[in-house]
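Engineer: Sequence first, then the predicted structure:
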Amino acid sequence: MSILDKTQIGNSVKINLELSKDRLTKEIIDAINVSSVCKISGFRITDGKGIGVILKLSNGKEQWFFEDEIDLLDENGNVIKKIKKINEENSLIFDILKNLKYENKNKVSQLLNPINFFLWLVVSFRDIF
């Protein structure tokens, strides 16, 4: 579900500064430190796939943010929790694969071992999903 389905222009959001700090100017960071709660003034296509939001900051300037850099607020000013994908939240296999590591093998006997090949294959597919 897109941010467009959950909110509209004029709604309040809270900026997560830790996720966007590296690309912002000092002036914008100072305005966010004054108040991280801002109003949506528009939407913007970010990379052909995602939707970003244009926010009006406490200093009156506007700045755009990626959808994942903000938290939506309800009418009372409380953060609306983001819903995780079902397969990430409930899957024991996903938790195991997330912590799985593969070290490059140097010996021919290690390279030909089917278990090592399977481990490499699983770790490689994890990066795709």
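Structural biologist: Yes, it's here.

Engineer: Remind me which helix or strand the closest residue to residue 9 other than its chain neighbours belongs to.
Structural biologist: Of all residues not flanking residue 9 in the chain, residue 40 sits nearest, at 5.4 Å (CB to CB, 6 or more residues apart in numbering). Every residue, glycine included, has its C-beta placed from N, CA and C. Assigned by DSSP states H and E, residue 40 belongs to strand 37-45.

Engineer: hmm, who's touching that strand?
Structural biologist: 3-4, 7-15, 51-58, 62, 64, 73, 77 (CB atoms under 8 Å, 6 or more residues apart in numbering).

Engineer: ok so, going back, for the residue nearest to residue 9, the count of nearby residues, please.
Structural biologist: 20 (other CB atoms under 10 Å).

Engineer: Quickly note the distance from it to residue 10.
Structural biologist: Separation of residue 40 from residue 10 (CB to CB, to the nearest Å): 6 Å.

Engineer: Please apply the same query to residue 59.
Structural biologist: Remark: distance between residue 59 and residue 10 (CB to CB) = 19 Å.

Engineer: can you give me the strands in this structure?
Structural biologist: 12-15, 37-45, 51-56, 62-66, 70-72 (DSSP state E).

Engineer: closest one to residue 114 among those strands?
Structural biologist: Nearest to residue 114, of all these, is strand 62-66, at 41.8 Å by CB to CB.
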